[in-house]
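Asker: pasting the sequence and the predicted coordinates here, then a few questions.
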Amino acid sequence: MKFKIISICLLSALLISSCGKKEENIVRKKDVFTITIEAVFAKNDKLQIFYLPEGGEWKDENSVFRPVYASNEMQKIVINFPDKVFPENIRVDLGYNTTQQNITIKNISVKHNSKVINGDFEAYKKYFYGNEFVTWDPNYFGYKLSQVNNQYDPFLMGNNELMDELQRLKY
């Protein structure tokens, strides 16, 4: 009789404790923003994705680096921001390799939980604009990356429409 009572208590405690862990994991996953970039990079490089936190500023501490390996094929690069980061804006630095002359981008999408800002099939162009180091090359049908005044810092900056969509994703 004592064995049955002890067994029932242990089983109940095990079930209760495992249920609590599932809830904790679900809560943690809700606070992660994911950026997916599909692109062709002809040379090895490194992406740096900046996120502008509420009331923050653009700085290296608010960014994530990801290596990119040379390929003539479209590659999917998935970047998770740190937990509980809710960006007001996003900036995609397209690399540091000054010999990288062209890149093709098919998609830049942002996801938070089940909500998505779908940038596939070049729809990202309505959310991002290039700086002076990034120009559209109709002959290549992609972006040309270049140096200006011996400087090299090509990036795509999120515009006001992206900022509005990011606010929608939060809530």
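Answerer: Nice, thanks for sending it over. Numbering: from 1, shown residues only.
Asker: what about the strands in this protein?
Answerer: Using DSSP state E, the strands found in the chain span residues 33-41, 45-53, 63-68, 75-80, 87-93, 102-112, 115-117, 128-130, 134-137, 142-145, 155-158.
Asker: how close does the spatially most central residue of the chain get to Asn107?
Answerer: By C-alpha atoms, centre = their mean, the chain has its centre lying nearest to Ile35, at 2.1 Å. Distance of Ile35 to Asn107, given as C-beta to C-beta, to the nearest Å: 10 Å. Glycine gets a C-beta too; all of them are placed from N, C-alpha and C.
Asker: what sits against the closest residue to Glu54 other than its chain neighbours?
Answerer: Spatial nearest neighbour of Glu54, excluding adjacent residues (C-beta to C-beta, 6 or more residues apart in numbering): Glu88 at 5.7 Å. Glu88 makes contact with Leu52, Pro53, Glu54, Gly56, Met163, Leu166, Gln167, according to C-beta atoms under 8 Å, 6 or more residues apart in numbering.
Asker: what about those residues, which are in helices?
Answerer: Met163, Leu166, Gln167 (DSSP state H).
Asker: out of those, who has the most neighbours?
Answerer: Highest neighbour count within the ones in helices among the contacts of Glu88: Leu166, with 22 neighbours (other C-beta atoms under 10 Å).
Asker: was I right about that one contacting Ile90?
Answerer: Yes. Using C-beta atoms under 8 Å, Leu166 is in contact with Ile90, at 7.4 Å.
Asker: Ile37 is in contact with Val92, isn't it?
Answerer: Yes. Taking contacts as C-beta under 8 Å, Ile37 lies within contact range of Val92: 6.9 Å.
Asker: what's the overlap in contacts for those two?
Answerer: With C-beta under 8 Å, 6+ apart as the test, Ile37 and Val92 both reach Leu47, Ile108.
Asker: residues contacting Asn62?
Answerer: Contact partners of Asn62, counting by C-beta under 8 Å, 6+ apart, are Phe50, Tyr51, Leu52, Pro53, Gly56.
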